[in-house]
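S.K.: Have a look at this prediction, sequence included:
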Amino acid sequence: MSDDVIRLSAVRDTPIGLDEVFAACQDAKAGGTVLFVGTVRDQDEDKQVTALEYSSHPSVEQTMREVLEKVAAEHPAIAIAALHRVGKLAIGDIAVVVGASAMHRGEAFAAGRQLIEDLKHKVPIWKLQTFADGTDEWVGCA
């Protein structure tokens, strides 16, 4: 069943966009589709961010797939999809896109929200932020 629901799951070192995730979530049975787009912002707390680089563990693709399988098992989604980028990104670049479609909007929102939250907390992707003052910080390495 989850193979029918999981339409796209990938980590890439090239630019990603909304169109591929949206297309993957399209289905004639879907009455609602939601997308979440995470972009690189120019600040974190009180510090100006000048650069960001994402790194991942070799198990990243398998772990991402497991996250999608869990969401597919727990929600009546028709389709779910996720793309995450690794490597050096510039301010404004898209870092992650997740999508979910379902018969009704509430179901699509619930699946999409769990998908991005679980992805952020469970998938082994870390970011190195570089700040305008010359310092840097790893995030997500706990």
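M.R.: Alright, I've got the coordinates.
S.K.: switch to C-alpha atoms for all contacts and neighbour counts from now on
M.R.: Will do.
S.K.: mind listing the helices for the protein?
M.R.: Under the criterion DSSP state H, helices of the chain are mapped to 2-5, 18-25, 60-74, 105-122.
S.K.: and these as a markdown table, adding mean pLDDT and mean neighbour count?
M.R.: Formatted as a markdown table, the helices of the chain follow (pLDDT from 0 to 100; neighbours: other Cα atoms under 10 Å):
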| stretch | mean pLDDT | mean neighbour count |
| --- | --- | --- |
| helix 2-5 | 80 | 15 |
| helix 18-25 | 98 | 18 |
| helix 60-74 | 97 | 19 |
| helix 105-122 | 97 | 19 |
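S.K.: can you tell me which of the ones you listed comes nearest to residue 137?
M.R.: Between residue 137 and the helices of the chain, the shortest gap by Cα to Cα is with helix 105-122, which sits at 17.2 Å.
S.K.: Which elements pack onto that closest one?
M.R.: On a contact count with 3 or more Cα pairs under 8 Å, 6 or more residues apart in numbering; DSSP states H and E, helix 105-122 meets strand 32-39, helix 60-74, strand 77-85, strand 94-102.
S.K.: Can you list the strands that the third one pairs with?
M.R.: If I follow you right, that is strand 77-85. strand 6-12 (parallel), strand 94-102 (antiparallel) (DSSP bridges).
S.K.: again, but for the shortest one
M.R.: Taking DSSP bridges as the criterion, strand 32-39 pairs within the sheet with strand 94-102 (antiparallel).
S.K.: Need the CA coordinates for the partner strand. PDB is fine.
M.R.: Coordinates of each C-alpha in strand 94-102 appear next as PDB, following Å, rounded to 0.1, in the frame of the first residue of the first chain:
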ATOM      1  CA  ILE A  94      14.800  25.800  -1.600                       C
ATOM      2  CA  ALA A  95      16.200  23.300   0.900                       C
ATOM      3  CA  VAL A  96      13.200  21.000   1.300                       C
ATOM      4  CA  VAL A  97       9.800  20.400  -0.300                       C
ATOM      5  CA  VAL A  98       7.200  18.000   1.000                       C
ATOM      6  CA  GLY A  99       3.700  17.400  -0.300                       C
ATOM      7  CA  ALA A 100       0.600  15.400   0.600                       C
ATOM      8  CA  SER A 101      -2.700  14.900  -1.000                       C
ATOM      9  CA  ALA A 102      -5.900  13.400   0.400                       C
END
